[in-house]
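K.L.:
Turn this into a model:
(one chain, ligands or ions: 1)
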Amino acid sequence: MRKRAKGRNPALPAAIQPRMITDTTPETGVAPVTLTAFRSFLSARRSTRQFLQEDVPDDVIRVLHDAAGLTPSGGNARAYQVTMLPRGRTRESLMRELQRICAARSALLNNPLLRAAAAPFAGPYVRAFLRDGEYGPRMARLLGKLRRGEDPLFYSAPVVFFFHSRALIPTPREDCVIAAFAVSLAAQAAGLGCCLVTLAQSAVNASRRCKELLGMSADSSVHAVLVLGRAASPAEERPARAPIPLHCV
Ligand SMILES: Cc1cc2nc3c(=O)[nH]c(=O)nc-3n(C[C@H](O)[C@H](O)[C@H](O)COP(=O)(O)O)c2cc1C
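P.N.:
I've put the predicted structure just below:
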């Protein structure tokens, strides 16, 4: 039975206040989730960047993997795969390879001549990075951390999930991001912390060696990376997020 909202919810944009529905059991026959519970679950979500060094149990991994397969995909193609990378020798080899790639990129970015020469051959995304004056110093900072043995790419998380696809159409990128977000919500429900990370993505996509280490075919592209594990500390209290504007036309 649906009930109209009695009062205003200050967290919601004004434009949807009149049609807001309060807690209700969905009529679709799926497990009931109240709107209040759903919203507080979403608003409690925070990215985690510090993890306890304890493994994620296999039964939790199964729940997370299951979530990755429950999402919608363009044309229902479901043409994406998930690769899990726990800590260990393969992760260490990957980190060494990523450090090598960062060093090469840093050298390129610090050399104005090479930078200008590379631009015409680069695609639009790489050209945008080459034009970004902050990109060089950012890459140098990243490299410094890697050389000091820190892990700014995966935050030393117990588990890293790569969402990748060999498909170019219809929507592999969107499918992977949606699946990654579903896994992040499942992780939250399982009491884990997680963070979507993009810093390693382009390097992995540009490197046959990284793909080999991850057991991915050379024509695969990684479209989302999620790091997760038990958070080292509870999420900090933060002010409520401002609503994204809703334009009614
Ligand atoms: C597509 C995407 C890429 C992201 N990439 C990174 C990243 O490379 N490193 C990182 O620390 N956080 C990354 N984040 C996390 C955002 O920084 C974070 O979601 C944002 O600051 C809001 O904080 P919250 O998730 O705690 O609400 C990414 C988030 C998204 C959605």
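
K.L.:
ok, Val30 - how many residues close by?
P.N.:
Using other C-beta atoms under 10 Å, Val30 has 8 other residues around it. To be clear about C-beta, it is placed using only N, CA and C from the backbone, and glycine gets the same treatment.

K.L.:
Same question for the one 3 residues further on.
P.N.:
Residues contacting Val33 under the criterion other C-beta under 10 Å number 13.

K.L.:
Please identify which helix or strand holds it.
P.N.:
Val33 belongs to no helix or strand when assigned by DSSP states H and E.

K.L.:
Can you report phi and psi for it?
P.N.:
Dihedral angles of Val33 (phi, psi; degrees, to the nearest 10) stand at phi -130, psi 120.

K.L.:
Also Gly193?
P.N.:
As for Gly193, its main-chain torsions (degrees, to the nearest 10) stand at phi -100, psi 150.

K.L.:
Excluding chain neighbours, what is closest to Cys194?
P.N.:
Leu228 (3.6 Å; C-beta to C-beta, 6 or more residues apart in numbering).

K.L.:
Can you give me the neighbour number for that neighbour?
P.N.:
Neighbour tally, Leu228, other C-beta under 10 Å: 27.

K.L.:
quick check, it in a helix?
P.N.:
No. Looking at Leu228 with DSSP: H, G, I helix; E, B strand; the rest coil, it is strand, so not inside a helix.

K.L.:
Okay, and the beta partners of it?
P.N.:
Beta bridges link Leu228 to Val159, Cys194, judged by DSSP bridges.

K.L.:
Could I get the full set of strands for this protein?
P.N.:
Using DSSP state E, the strands found in the chain span residues 81-86, 159-165, 193-196, 221-229.

K.L.:
Can you check which of those strands gets nearest to the ligand?
P.N.:
strand 193-196 (4.1 Å; C-beta to the nearest ligand atom).

K.L.:
May I have that closest one as PDB, with CA atoms only?
P.N.:
Taking Å, rounded to 0.1, in the frame of the first residue of the first chain, the C-alpha atoms of strand 193-196 are listed here in PDB:
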ATOM      1  CA  GLY A 193      34.900  -0.600   3.200                       C
ATOM      2  CA  CYS A 194      35.700   0.000  -0.400                       C
ATOM      3  CA  CYS A 195      36.800   2.600  -2.900                       C
ATOM      4  CA  LEU A 196      36.500   3.000  -6.700                       C
END
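
K.L.:
any idea how far Leu199 lies from the ligand?
P.N.:
4 Å (C-beta to the nearest ligand atom, to the nearest Å).

K.L.:
With that, I have no additional questions.
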